[in-house]
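# Quick one: sequence and predicted model below, then my questions.
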Amino acid sequence: MIKGKGSVYRITELVGTSKTSWEDAARTAVETASKTLRDLRIAEVTKTDLLIEDGKVVAYRARVNLSFKYDAK
């Protein structure tokens, strides 16, 4: 039996972009979200892709599932 209150976390999906790398795209998503969300916990990159224009890669994109503690007031 679990005593006491547990925690609840929300997961939201974000897409970050970068002109240099997938890692930078994921970092952009997390750092941007951290400006308005509190208690960020886990970021999971679920998909990566490229934006191509005229046969050249112009941007990297990273889809990120981000979890944060839910404040149920």
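Yep, it's here.

# So what does Ala33 have for phi and psi?
Here is the backbone geometry of Ala33 (degrees, to the nearest 10): phi -60, psi -30.

# So the most centrally placed residue in the chain: helix, strand or coil?
The residue lying closest to the centre of the chain (Cα atoms, centre = their mean) is Val64, at 3.5 Å. Three-state call for Val64 (DSSP: H, G, I helix; E, B strand; the rest coil): strand.

# pLDDT averaged over stretch 31-46 - what is it?
In this model, stretch 31-46 carries a mean pLDDT of 93.

# so where do the helices sit in the protein?
Assigned by DSSP state H, the helices in the chain fall at 22-33.

# circling back: may I ask you to confirm that the residue nearest to the centre of the chain is in contact with Thr28?
No: using Cβ atoms under 8 Å as the test, Val64 is too far from Thr28 to be in contact (9.4 Å). All C-beta atoms are positioned from the backbone trio N, CA, C, and that covers glycine.

# what about the nearest residue to Val30 once chain neighbours are set aside, how many neighbours?
Among residues not flanking Val30 along the chain, Ala43 sits closest, at 5.1 Å (Cβ to Cβ, 6 or more residues apart in numbering). Ala43: 18 surrounding residues under other Cβ atoms under 10 Å.
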